[in-house]
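**Q** Curious how this folds, go ahead:
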Amino acid sequence: MIFTTTVNYLKERKQRKQSYYQWKKTTEMCGCCSGKDSAEDKADLTNPIKNRGCTDIIILILFVLFWAGMIFIAAFSITHGDAWRLVYGYDSFGNTCDEDNTGKAVENVSFSGMNMEGKGFVFILDILDPVNSMKLCVNKCPGQDLNTTVDIARFAVTEGSYLCRYDIKDTDYSADLVKKGICPGRVFASEPLLNRCVPKQIFSTAGDIFAKFFDFVNSSDLFQKVLHDLMTGWREMLILCFVALGFGALMVLLIRFLASVIVWFIITIAIIGSIAGTAGLWWTYMDKKRFIDDKEDDNIPLLNVDIDSEQAFMIYSIIATVLTVILLLVILVMRKRIGLTVTLFHEAGKCLADVPILLLQPLWTFIILVFFFVYWIIILAFLATAEKATVDKTTGFVRYTEHENVSYLWWYHLIGLIWTSEFIIACQQLVVSGAVATWYFTRDKKNLSCTICKSTKLLIFHHLGSVAFGAFIITLVKLPRWILMYMQKKTKGSQNTCVQYAMKCCICCLWCLEKCLKYLNQNAYTVVAIQGTNFCSSAKKAFMTLVSNALRVAAINSVGDFVLFLGKIGVCAATGAVGIFWFKSKEELNYYAIPVLLVCIFAYFIAHCFLSTYEMVIDALLLCFCHDTDINDGSPERRYYASVSLQKYIEEGSNQITAISKGDEEPASPEAARL
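**A** As a prediction, this is how the structure comes out:
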């Protein structure tokens with residue numbers, strides 16, 4: 001939300017306009033002018049979102065050319081890569097497992113280009129030397145120990161899984177073939193892991209060679225238990241997501257129709273919910289602790305599940321206590337300013353009531369982003385396997401090495417991820433801003449029809465270049481930050497602490513810069529939607545408007561954002577409370593704290609989809625009001641588009657914030673006291 005108009009600002013604007021109109025009237029009477037406004041001026045005074053041209057065309061052309069490069073990368077990756085190689089692996093002859101490799105044979109390599117459909121597992125003949133050993137594609141990993149070639153041959157006949165080179169028949173299995181490395185000498189009972197046959201008793205088999213691998217398998221036991229809980233409770237989690245959806249929709253409706261009450265209701269519920277939620281977590285933790293203490297007193301062995309669950313709820317309880325204390329302190333500090341948001345929420349609610357489809361915009365954006373991310377990941381998988389097949393001179397086996405030009409394509413593909421995702425998000429912001437501007441600058445709201453369609457039309461036919469420009473600026477900041485984060489991770493074990501701190505400082509500064517630019521961009525898109533100017537001009541206007549009253553901007557922004565944040569927390573807490581009592585009754589779960597945590601995260605994002613629209617609507621609404629005061633003076637010829645209640649809110653809110661900032665307990669005017 002942007003509180004850009006104050007009493008002084010309005011008075012200065014009004015005085016300048018009155019002086020201008022008096023001068024213009026005098027000159028017209030003297031015959032110095034034509035006696036009428038130009039068509040463009042009249043159009044601007046009646047509806048400023050019309051009569052515009054295309055903005056930032058050069059940037060749009062660059063963006064289109066950039067995506068032409070993205071399409072080239074996709075074609076190159078699909079042509080030279082094989083994404084299934086990452087999933088199923090490949091044998092020593094260059095064949096991708098569980099895939100028909102006909103027509104993909106590596107030159108001068110025997111057994112290459114074979115059909116491996118149905119053989120989806122990689123089997124290593126010598127598990128003690130996996131790097132130099134022959135690897136084969138098999139249709140089943142051996143589930144039991146095979147100590148002799150007779151056992152291996154019997155397994156091939158009964159299971160149809162041949163563990164010797166492809167040209168060797170099961171009747172020819174012999175010790176001589178073992179010496180040549182064509183057949184395994186001994187096969188350990190294995191199970192598939194990432195479609196690779198891995199011995200079940202790795203630690204006892206190979207000692208320190210596979211110690212790290214054993215630690216990974218041992219740690220994956222916890223992951224498997226958590227995964228089991230998610231698979232067991234996925235229905236309840238899905239239902240709870242719909243519960244969060246209902247809570248989010250209810251929160252929007254309450255803000256729309258009961259704005260004067262719901263603001264304080266949200267704060268009250270947030271306080272009660274935070275205290276109750278924290279108390280509930282401590283109660284659950286004490287219940288778990290009492291259960292473990294009773295078992296220890298009775299000398300009953302404890303399961304790791306019970307101990308881990310107790311520790312998880314202890315951590316949750318401590319975090320919840322800290323956050324609750326912070327929440328109470330913030331509410332105490334901001335208690336005088338909370339009432340200022342009531343009228344603004346009411347005005348935003350009017351816009352959403354007339355254009356309810358605005359609430360669905362985050363959903364469409366989310367769907368588009370999901371499709372783009374899926375596309376990006378698929379191309380990334382093909383790009384990662386766009387390698388050259390080379391033959392090892394020592395073993396004669398095929399190995400894949402990175403193509404010499406792929407490293408440059410990686411960076412290009414990464415920039416495409418950032419730029420395009422920011423472009424999609426910016427499109428949503430401009431569509432919402434355009435719809436709000438259309439609604440605001442329409443005198444008779446009953447004549448509104450397909451507002452979103454008009455806003456989308458403005459975006460597609462006029463302002464795609466401005467959106468691409470803003471997204472590119474964010475990319476220029478985000479990419480160096482990601483690079484520094486990657487470098488910091490790589491040099492984490494370095495002894496040079498000075499370099500570590502310098503990197504952290506740079507990352508922090510870039511993060512702050514990115515947040516500021518995103519905030520400025522969002523307001524620039526609103527100015528673009530209102531005035532139809534290019535991105536730079538719009539950003540300059542938005543920046544000057546913000547800087548002209550930075551203290552009041554921060555004051556009102558903090559209040560409105562804080563109230564909406566409490567609404568999101570309220571939805572999250574309510575859904576989490578339902579989830580705790582529901583999952584607690586399911587005895588088959590190992591760590592029900594994990595499903596509850598995931599449900600709370602989903603609930604927060606669902607609430608964010610609804611209430612973030614409120615934030616964008618309010619931001620656009622106040623900038624529309626600012627532009628309204630720029631082009632009109634409130635006279636009968638040039639009436640404000642803003643409603644009387646919004647005008648009163650802007651002026652009275654400014655007086656009250658001024659009074660609060662000076663330390664006064666009462667508002668500066670009787671009118672402001674009514675807030």
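**Q** quick one: Y88 and E99 touch, right?
**A** Yes: under the criterion of C-beta atoms under 8 Å, Y88 makes contact with E99 at 7.0 Å. Using the backbone N, CA and C atoms, a C-beta is placed for each residue, glycine as well.
**Q** since we're on A435, how many residues are nearby?
**A** Neighbours of A435 under the rule other C-beta atoms under 10 Å: 29.
**Q** what about it, which SS state?
**A** Three-state call for A435 (DSSP: H, G, I helix; E, B strand; the rest coil): helix.
**Q** what's the distance between it and R399?
**A** Distance, A435 to R399, using C-beta to C-beta, to the nearest Å: 56 Å.
**Q** what about the closest residue to R186 other than its chain neighbours, how many residues close to it?
**A** What sits nearest to R186 in space, not counting adjacent residues and going by C-beta to C-beta, 6 or more residues apart in numbering, is N147, at 5.7 Å. When neighbours are counted by other C-beta under 10 Å, N147 registers 12.
**Q** mind checking how far stretch 478-495 is from the chain centre?
**A** Distance of stretch 478-495 from its chain centroid, counting by C-alpha atoms, centre = their mean, to the nearest Å, is 21 Å.
**Q** Revised request: answer the last question for stretch 255-270.
**A** For stretch 255-270, the distance to the chain centre is 28 Å (C-alpha atoms, centre = their mean).
**Q** what is the rounded mean pLDDT of that stretch?
**A** Taken as a whole, stretch 255-270 has a mean pLDDT of 72.
**Q** Let me see the backbone angles for S133.
**A** Main-chain torsions, S133, degrees, to the nearest 10: phi -80, psi 160.
**Q** An error on my part: the question was meant for G396.
**A** Residue torsions, per degrees, to the nearest 10, at G396 are phi 80, psi 10.
**Q** At which residues are the strands of the chain located?
**A** With DSSP state E as the criterion, the chain has strands at 121-124, 135-138, 190-193, 196-199, 387-391, 398-402.
**Q** of all those, which lies closest to T158?
**A** Distance to T158, taken as C-beta to C-beta, is lowest for strand 135-138 among the strands of the chain, at 13.7 Å.
**Q** Return the per-residue confidence for F155.
**A** F155 carries a pLDDT value of 90.
**Q** Could you measure from it over to S174?
**A** Using C-beta to C-beta, F155 is found at 16 Å from S174.
**Q** Compare neighbour counts for the two and give me the winner.
**A** Between F155 and S174, counting by other C-beta under 10 Å, F155 is the more crowded of the two (20 against 16).
**Q** Y173 is in contact with the more buried one, correct?
**A** No: shown here, F155 and Y173 do not form a contact pair, counting by C-beta under 8 Å, at 10.2 Å.
**Q** Just the buried positions in stretch 536-546, please.
**A** Across stretch 536-546, burial judged by 16 or more other C-beta atoms under 10 Å covers S537, S538, A539, K541, A542, T545, L546.
**Q** what bits of the stretch 501-650 of the chain have low per-residue confidence?
**A** Where the stretch 501-650 of the chain drops to pLDDT under 70, the residues are 548-559, 585-593, 645-650.
**Q** let's go with 90 and repeat that
**A** Filtered on pLDDT under 90, the stretch 501-650 of the chain yields the residue ranges 501-534, 537-650.
**Q** all helices of it, in order?
**A** 535-547, 550-584, 593-631, 644-661 (DSSP state H, counting those that start in this stretch).
**Q** mind listing what the residue lying closest to M314 once chain neighbours are set aside touches?
**A** Nearest residue to M314, sequence neighbours excluded (C-beta to C-beta, 6+ apart): Y285, at 5.2 Å. Residues near Y285 by C-beta atoms under 8 Å, 6 or more residues apart in numbering: E310, F313, M314, Y316, S317.
**Q** With respect to A574, which of the residues you listed is nearest?
**A** Of the contacts of Y285, the one sitting nearest to A574 (C-beta to C-beta) turns out to be Y316, at 16.6 Å.
**Q** I'd like to know how far the closest one sits from L566.
**A** Taken as C-beta to C-beta, the span from Y316 to L566 is 20 Å.
**Q** Which one's more surrounded, the two?
**A** The residue with more neighbours, out of Y316 and L566, is L566; 25 against 19, by other C-beta under 10 Å.
**Q** Distance of the more buried one relative to I266?
**A** L566 sits 5 Å away from I266, going by C-beta to C-beta.
**Q** what do you get for R443?
**A** From R443 to I266 the distance is 33 Å (C-beta to C-beta).
**Q** Could you check which of those two has the larger neighbour count?
**A** Ranked by neighbour count (other C-beta under 10 Å), R443 and I266 place I266 first, with 23 against 9.
**Q** So the more buried one sits against F562, correct?
**A** No: I266 is beyond contact range of F562, at 10.0 Å (criterion: C-beta under 8 Å).
**Q** Got the confidence number for D37?
**A** 40.
**Q** Sorry, slip of the keys, the one I care about is A279.
**A** The model reports A279 with a pLDDT of 80.
**Q** do the one 5 residues further on as well
**A** pLDDT, T284: 75.
**Q** quick one: it from I275, how far?
**A** From T284 across to I275, the span is 15 Å (C-beta to C-beta).
**Q** repeat for M134
**A** Distance from M134 to I275, by C-beta to C-beta: 65 Å.
**Q** doesn't D628 make contact with A642?
**A** Yes: in this structure A642 lies within contact range of D628 using C-beta under 8 Å: 5.5 Å.
**Q** shared neighbours, the two?
**A** Common contacts of A642 and D628 (C-beta under 8 Å, 6+ apart): Y440.
**Q** What ranges does the stretch 351-500 of the chain have for its helices?
**A** 361-384, 406-440, 451-458, 464-490, 497-531.
**Q** Give me the distance between the shortest one and the centre of its chain.
**A** Taking the mean C-alpha point of helix 451-458 and that of its whole chain, the gap between them comes to 25 Å (C-alpha atoms, centre = their mean).
**Q** just checking, what packs against it?
**A** Judged by 3 or more C-beta pairs under 8 Å, 6 or more residues apart in numbering; DSSP states H and E, helix 451-458 is in contact with helix 406-440.
**Q** in the helix it packs on, what's buried?
**A** Neighbour counts over helix 406-440 (16+ other C-beta under 10 Å) mark 406, 409, 413-440 as buried.
**Q** And stretch 356-367, by the same measure?
**A** Along stretch 356-367, these residues count as buried under the neighbour rule (16+ other C-beta under 10 Å): L358, L359, Q361, P362, T365.
**Q** Redo these as JSON lines? Include distance to M70 and pLDDT.
**A** Output for these, formatted as JSON lines (distance: C-beta to C-beta, whole Å; pLDDT from 0 to 100):
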{"residue": "L358", "distance to M70": "31", "pLDDT": "83"}
{"residue": "L359", "distance to M70": "32", "pLDDT": "76"}
{"residue": "Q361", "distance to M70": "25", "pLDDT": "80"}
{"residue": "P362", "distance to M70": "25", "pLDDT": "77"}
{"residue": "T365", "distance to M70": "20", "pLDDT": "81"}
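**Q** nearest to E514, of those residues?
**A** Using C-beta to C-beta, those come closest to E514 at T365, 19.1 Å.
**Q** Do I have it right that the closest one meets I424?
**A** Yes: using C-beta under 8 Å, T365 is in contact with I424, at 6.3 Å.
**Q** before we move on, the earlier item: which one of T284 and I275 has more residues nearby?
**A** T284 (21 against 15).
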